[in-house]
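*Asks:* Task: produce atomic coordinates for the following.
(chains A, B and C)
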Amino acid sequence: MQRLEVMPRTYYDSITLMRVAKEITGMEGIENASLSMGTEANLRILAAAGFDLSEINVTPNDLVIAVSGEDAVLDEALSKAKEYLANPPWKKEGGKSESYKPRSLDGAISVLPEANIAMISVAGRYAGDVALDCLHRGLNVMLYSDNVPLEKEIEIKKLAREKGLFVMGPDCGTAIVRGVAMGMANICPTGPVSIVAAAGTGLQEVHVQLAKRGVGTLHGIGTGGRDVRAEVGGIMVEMATERLLEDDEVEVLVVIGKPPAPEVEKKILERISRGDKPAVLGFIGGESRGDRDGVYICTELEETAAVAAALAKGEDVAEARKELDSAEESLRELAGKHGPRKGWLRGLYSGGTLCYEAQVIAKELLGPIHSNTPLKKDLKLEDSLTSVEHTIVDFGEDEFTQGRLHPMIDVSLRAGRFVEEAKDPGVGVILFDVVIGYGCNPDPARELAEGVLKAKAVAGDRIAFVASICGTETDPQNAARQRSILEDAGVLVCESNARAARLASYLLKG
Amino acid sequence: MNERLQDLLKNGPKVINIGVEQFALDLKEQEVPTVQMDWRPPQVESDLLSKLKKLRKK
Amino acid sequence: MTELPCVSEGDELFSIPLPEAGTIVFDPVIKPGMPASRWRPLLREWIFLACDPELSLPAKPESVEEIITLLGLGPGHTPAGDDWIAGWVVALRWCRSVRTDALLDEFSAFRREGVTTWLSESIISDALEGRTWARPLKLIEALQGDFMREVLDAAGALSQWGHTSGRAWLAGFASGLETALNHKKEIST
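*Replies:* Below is the predicted model:
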């Protein structure tokens, strides 16, 4: 049995909703409970979970409480849910009372007058105006929120440029400022490299790969994925590049992202060439080739980090690239040893850039890759929850995150998908990323490993699982620990996303 | 260069967090001066209601 | 004696001997003063706590007559309307002036007994006589200082008082401060 209730014009943040859902699911007689805003994405997921949405009338501003289980307890579950929303049970009774949280920006500034940046993670339809307010008060902005309209982004960035302030985003999930992890980011040492990233997990992967090579990063400035499109014109990439080239604490500059619009790429190259420090451009899957005069061109994330690390350490760049080539050889051998698989590749990603890079690499080895964020329009999945042949899906895409927690925080959707994919007899390899650090799930490997084991129960040895961990041992989750949890579940864990994508492909290519 | 940007890059972030509270907690763990806002969506309805109330008085 | 004696309506109470007097640990008197200008933006936002749906109080009542209508408004032992008034009175006593005294005199003149709970009536009467509880006094002290931690902690403790009482109190308090401080500005300009 099931029951649905709509609370019109009711807003709660996703974390509160997730926690209340967890409490209700724990009630006796309750099979499933979900609290979510009435966005298209959530309604689709509710429908897929078997809830009947035909009677209800709901908008994205309304809260939907859905419970299923024994008929006798459903009403109680609904009222308990509403009670918990008003009085969260996890806020300790009689404990130290919480500090007042200012409700106005001016109030917040009066409390912290030295504030120099606002970090915004409210719903996209409001976030743009909040960002404008912050800029008007002279604050830099990190705009974590996605689903901010393109026109709003352009308005925000033009204002920021006028005022000489940084706007990192929209959809900027990761930033590093003087080594401080902002948003979803990793703990690594600081050092001579700084990064400008139009790519969240791209920044994380390069940051981590540099740390693995003993090289620290001072600043990692996110610009949001759309910055390098023609409409936005690379406003933030340009500003950040300028500032970092001028900064004498920065010895090596790295710029990464998906290939920008040609005029934006030209602008970036021009600016960097006028600078006096070596720069590494990592345009993933880009067409440009050929290092020139202090500017090094890479097409993969680990490669970008390897080249930048070599420059920072005063080592030979060509050597660094050779090392990567021989790593590729070892992967081929490992694939042979592990035993090739037949059939399709299914990639389930939480990081957009990692998903993109995996597609770029896999397509060279396996052929066309379908996706919800494909390299070519004609490979776009009709239904992102139904895979076709070789498929790699980005679960961090807007369609999955409207009114929902990001897959790096809530891993349940992907863990469930392992089992769904395993049921398809044509699947040979499942590939995924595990992103850790601040802002992410406190123990993603555990729930993902559970999903892997459930999938293996269905598919036996037919499917090989390949993963990479984007993180370090100094992260709260501890990369080494995450690795051993996954390896215990029989997952092949690689040193980087590029290597994982290659291994996954070699396992199928034979 | 803008003063606040200069301060950000040279002295590190001092943050007003608007939204997910976990981010503020993560920043505080890294000893970053942070203030958490209790942000709510703009209340269009209450503005309307108070305007209606004023009309009724007249 | 470690517990208060149980009494019923109609009982006669006798005076109970207290142990030898020690130091006074709590002084309820509101000493005149004003908030540091740094906190004005915070005070302004507290006014609008009144608009929270559970409170539904007017944010800026325009006259003492309108404020009187708040007496007894809302459920509970201290209705939200009364909490708002209590905060308002404390504010006017703290930032005391000839004008605030006049406003409070006007309020007292309009005020009738038996309109609200005995607890609220006592709280409001105490406030009119310049006395209040520990949490408001802590906030007042913090607002005279320059430490954000103290202000946030004191405001947090107050706003979590009861389910709505604290927020209603803060809203009235902030509204009273705005009235008192604007008047002070008027005098000095």
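*Asks:* what's the longest helix seen in chain C packed up against?
*Replies:* Selection of the longest helix in chain C by residue count, based on DSSP state H, yields helix C:165-188. Other helices and strands packing on helix C:165-188, by 3 or more CB pairs under 8 Å, 6 or more residues apart in numbering or on different chains; DSSP states H and E, are helix C:40-47, helix C:80-94, helix C:98-110, helix C:134-144, helix C:148-159. Using the backbone N, CA and C atoms, a C-beta is placed for each residue, glycine as well.
*Asks:* Just say which of those is most tucked in.
*Replies:* With neighbours taken as mean count of other CB atoms under 10 Å in any protein chain shown, the helices and strands packed on helix C:165-188 reach their highest mean count in helix C:80-94, at a mean of 28.
*Asks:* residues in chain C within reach of chain A, list them.
*Replies:* Proximity of chain C to chain A is confined to C:38-42, C:44-45, C:48-49, C:148-149, C:151-157, C:159-160 under the rule CB under 8 Å from any CB of the partner chain.
*Asks:* Give me the secondary structure label for the residue lying closest to residue A:342 once chain neighbours are set aside.
*Replies:* Computed as CB to CB, 6 or more residues apart in numbering or on different chains, the closest residue to residue A:342 that is not its neighbour in sequence is residue A:428, at 5.2 Å. Classification of residue A:428 using DSSP: H, G, I helix; E, B strand; the rest coil returns strand.
*Asks:* pLDDT score for residue A:428?
*Replies:* Per-residue pLDDT puts residue A:428 at 96.
*Asks:* and the residue of chain A positioned farthest from its centre, what is it in contact with?
*Replies:* Note on chain A: the largest C-alpha distance from the chain mean falls to residue A:72, namely 40.7 Å (CA atoms, centre = their mean). Under the criterion of CB atoms under 8 Å, 6 or more residues apart in numbering or on different chains, the neighbours of residue A:72 are residue A:29.
*Asks:* Check for me that it belongs to a strand.
*Replies:* No: counting by three-state DSSP, residue A:72 falls outside a strand, being helix.
*Asks:* follow-up on the earlier one: now render the helices and strands packed on helix C:165-188 as a markdown table, adding distance to residue A:171 and mean pLDDT.
*Replies:* What follows is these, written out as a markdown table (distance: least, CB to CB, whole Å; pLDDT from 0 to 100):
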| stretch | distance to residue A:171 | mean pLDDT |
| --- | --- | --- |
| helix C:40-47 | 29 | 94 |
| helix C:80-94 | 41 | 94 |
| helix C:98-110 | 51 | 92 |
| helix C:134-144 | 39 | 95 |
| helix C:148-159 | 31 | 94 |
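*Asks:* Which of those helices sits closest to residue B:29?
*Replies:* Evaluated with CB to CB, these place helix C:148-159 nearest to residue B:29, the distance being 17.0 Å.
*Asks:* Also compute the angle for the closest one relative to helix C:134-144, please.
*Replies:* Angle between the axes of helix C:148-159 and helix C:134-144 is 150 degrees (criterion: axes from the mean of the first three to the mean of the last three CA atoms, to 10 degrees).
*Asks:* pLDDT below threshold where in chain B?
*Replies:* Scanning chain B with the threshold set as pLDDT under 70 gives B:43-58.
*Asks:* which residues does the residue lying closest to residue A:255 once chain neighbours are set aside contact?
*Replies:* Here the nearest residue to residue A:255 in space, its sequence neighbours aside, is residue A:196; by CB to CB, 6+ apart that works out to 4.7 Å. For residue A:196, the residues meeting the contact criterion (CB under 8 Å, 6+ apart) are A:221, A:223, A:237, A:240, A:241, A:244, A:253, A:254, A:255, A:256.
*Asks:* now with 6 Å?
*Replies:* For residue A:196, the residues meeting the contact criterion (CB atoms under 6 Å, 6 or more residues apart in numbering or on different chains) are A:221, A:237, A:240, A:241, A:255.
*Asks:* Help me confirm that residue A:439 comes into contact with residue A:184.
*Replies:* Yes: counting by CB atoms under 6 Å, a contact exists between residue A:439 and residue A:184, whose distance comes to 3.6 Å.
*Asks:* gap between the residue nearest to residue A:342 and chain C?
*Replies:* Taken as CB to the nearest CB, to the nearest Å, the spacing of residue A:428 relative to chain C amounts to 55 Å.
*Asks:* circling back to that earlier point, could the helices and strands packed on helix C:165-188 go into CSV alongside distance to chain B?
*Replies:* Supplementary listing: those in CSV, determined by distance: least, CB to the nearest CB, whole Å:
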stretch, distance to chain B
helix C:40-47, 10
helix C:80-94, 16
helix C:98-110, 19
helix C:134-144, 15
helix C:148-159, 8
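*Asks:* between the ones you listed, which gets nearest to residue A:22?
*Replies:* Closest among those, using CB to CB: helix C:148-159, at 25.8 Å.
*Asks:* Tell me the helices and strands packed up against the closest one.
*Replies:* Applying 3 or more CB pairs under 6 Å, 6 or more residues apart in numbering or on different chains; DSSP states H and E, one finds that helix C:148-159 contacts helix C:134-144, helix C:165-188.
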